[in-house]
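**Q** build me a structure from this.
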Amino acid sequence: MNDILKQMFRMEMLVSIIYLLIGLTLFFLPGSVLVTISIVIGIIALIVSIFPIVNYFKMENKLLGFGSLITGVTFAIAGLIMIIYPSLLETVIAIMIGVIMIINSINKIEYAITLRDNKVKEWYVSMIFAIITLILGIFFVVNTWTVVKIVTKILGLIIIIYAILDIVETIFVKRKVKKVFTIVEEGKEIKVIDE
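**A** Below you'll find the model as predicted:
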């Protein structure tokens, strides 16, 4: 097998192992991962806030640059909040998902009522799904920490499965390629079958 293919397989394996480690971390340590993400976002927001603030003080016409100052200060405050209260990110994410689900369920209830008023027999199916979505939305808003941990664990599990499949595929392809190269090196003829 040539060096380029060997490097490709090594790189594929390395990337798959990194994905596997990320998935395992998300699955087994969801809280600490979210705290770290929150702190990193906070630091990025603080760094980004520097540029509009500096631009404001460089401008001659301070009135025109006031929007730039407000943007910078907003980013700085948001960054500090994310660093000081890292668990806030989890809460905000869960509440946003919950609110979206509640709004969606209200629309579905209206839709179900419209179906009922138009004598559609299966209107109750839409109503049942709307009520389930409403309950889930309320659960997301009320139990933010539990929801975020569950969602993070599910994400971690998906990444773990993907990484394992990727590793298996890389090993399988590597064996097939190695077999082809062995046949070529031994001088055996490779038959190509046209379908």
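**Q** so where's the protein uncertain?
**A** Where the chain drops to pLDDT under 70, the residues are 1-2, 62-64, 180-181, 183-195.
**Q** and the residue nearest the centre of it?
**A** What sits nearest the mean C-alpha location of the chain, by C-alpha atoms, centre = their mean, is residue 155, with 7.5 Å.
**Q** so what's it closest to, chain neighbours aside?
**A** For residue 155, ignoring the flanking residues on the chain, the nearest one in space by C-beta to C-beta, 6 or more residues apart in numbering is residue 26 at 5.6 Å. Every residue, glycine included, has its C-beta placed from N, CA and C.
**Q** helices and strands around the longest helix that the chain contains, which ones?
**A** Longest helix of the chain, by residue count under DSSP state H: helix 144-185. Counting by 3 or more C-beta pairs under 8 Å, 6 or more residues apart in numbering; DSSP states H and E, the packing neighbours recorded for helix 144-185 are helix 3-28, helix 30-58, helix 87-117.
**Q** what about the spatially closest residue to residue 164 that is not a sequence neighbour, neighbour count?
**A** With C-beta to C-beta, 6+ apart as the criterion, residue 164 has its nearest non-adjacent residue at 6.9 Å, and that residue is residue 20. Look at residue 20: counted by other C-beta atoms under 10 Å, it has 18 neighbours.
**Q** what about residue 20, distance to residue 8?
**A** From residue 20 across to residue 8, the span is 19 Å (C-beta to C-beta, to the nearest Å).
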